[in-house]
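Colleague: need the 3D shape of this:
(one chain, ligands or ions: 1)
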Amino acid sequence: MAKESLTEAQERIETLKTLLNRYSYEYYVLDKPSISDKEYDQQYHELEKLEKAHPELITNDSPTQRIGGTILPGFTKVQHDSPMLSLGNAFNQEDLLQFHQRISKLTGQPLQYICELKIDGLAVSLKYENGLFTQGATRGDGNTGEDITQNLRTVKAIPLRLNEPLTFEVRGECYMPKASFVQLNADRDEKGLEIFANPRNAAAGSLRQLDSSIAASRNLSIYLYSATNFEQLAVETQDALLNRLAQVGLRTNPERRLFDSIEEVWAFTEEIAAKRKDLPYEIDGIVIKVNAFAAQEEIGYTVKAPRWAIAYKFKAEEAETIVRDIEWTV
Ligand SMILES: CC(C)(CNC(=O)c1ccc(Oc2ccccc2)cc1)c1ccc2c(N)nc(N)nc2n1
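Modeller: Here you go, the predicted structure:
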């Protein structure tokens, strides 16, 4: 084909990046792809060819730039702008009742709860500046984590550009779907490599790689569940925040429910316990949060965890999940 003019190439590259970004949003966030994988691949290869012919037009948010070219010497430290807090635990109905009674005393507002699944993966923080993904980090000790931007850029469910030019930080759980875990262990076993004990360890092991092409091969995914400086999102509840995160292009877990009583919350934990084995990802519990941000602020925090949230933990499923989890060490 005749070498297209620079502006024609520039326009086509911009169009393709916008289209491919939109398709990823439909596929990973809306779970409603509007084109086939084949059509996606065709447009992706057209973009690759155009960028090869015009390398000066390659930008950081192009879907062709998810795998970094270099192997990192190590991970640098990252200070989180606000702490990534931990959660208190509940192990039975009585614990949940006590949680409810304890916080009911701390606010005059009627308590509405939101229940979210507690995905068994690795907590990560994603920074966006003017809508562009600029930094990804592990939770670390809650205040200091490690910069794993290169590896998180390979996670296709993480948009390199949001649908809106927002500047904020979101947090969520990066995980390996059960099917990817089974396939990975089968491949490793066949190659005589040590297999992973559970999907959480496999996800942690993948995000700890200094060569992002290895992380890229591990089919990781992510669910986001919180944001900092979310004032610009103009939301007043956790549920509205999650809807807003999906609207701007971020993947959130659909199995969330709102309840007005702790009895209904307990019933939900039993409902999820029954369907846990059928979920395409592992969970280790349910996170119960006061839904309204105003009530959250009134109820407040302890030194390391919110008072307005608790993790109801399921009993460990199989012997293997009791295996000591890999500590995050590099
Ligand atoms: C509730 C929170 C602890 C996040 N929230 C925070 O980390 C957090 C951090 C600073 C906050 O405000 C402060 C800002 C500065 C200082 C102190 C608090 C508020 C919330 C949490 C933790 C783990 C979760 C998980 N595995 N799954 C789901 N579904 N939800 C989860 N939610």
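
Colleague: which residues in the stretch 201-330 of the chain form strands?
Modeller: 221-227, 257-259, 283-290, 309-313 (DSSP state E, counting those that start in this stretch).

Colleague: distance to residue 87, mean pLDDT and mean neighbour count for the ones you listed - can I get that in JSON lines?
Modeller: Backbone N, C-alpha and C define where each C-beta goes, glycine included. Shown next, in JSON lines, are the strands of the stretch 201-330 of the chain (distance: least, Cβ to Cβ, whole Å; pLDDT from 0 to 100; neighbours: other Cβ atoms under 10 Å):
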{"stretch": "strand 221-227", "distance to residue 87": "11", "mean pLDDT": "98", "mean neighbour count": "23"}
{"stretch": "strand 257-259", "distance to residue 87": "18", "mean pLDDT": "98", "mean neighbour count": "16"}
{"stretch": "strand 283-290", "distance to residue 87": "6", "mean pLDDT": "98", "mean neighbour count": "23"}
{"stretch": "strand 309-313", "distance to residue 87": "4", "mean pLDDT": "98", "mean neighbour count": "22"}
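
Colleague: mind putting these in CSV, distance to residue 273 included?
Modeller: Shown next, in CSV, are the strands of the stretch 201-330 of the chain (distance: least, Cβ to Cβ, whole Å):
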stretch, distance to residue 273
strand 221-227, 19
strand 257-259, 14
strand 283-290, 9
strand 309-313, 10
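
Colleague: ends of stretch 165-180, what's the gap?
Modeller: With Cα to Cα, to the nearest Å as the measure, stretch 165-180 spans 33 Å from end to end.

Colleague: how far off centre is that stretch?
Modeller: The chain centre lies 1 Å from the centre of stretch 165-180; the measure is Cα atoms, centre = their mean, to the nearest Å.

Colleague: and this structure, which residues reach the ligand?
Modeller: Within reach of the ligand by Cβ under 6 Å from any ligand atom, the chain has these residues: 82-85, 87, 116, 118, 173, 225-226, 287, 301, 306, 309.

Colleague: what's the helix or strand for the residue in the stretch 101-250 of the chain that the ligand sits nearest to?
Modeller: Distances between the stretch 101-250 of the chain and the ligand by Cβ to the nearest ligand atom are smallest at residue 116, namely 3.6 Å. According to DSSP states H and E, residue 116 maps onto strand 113-119.
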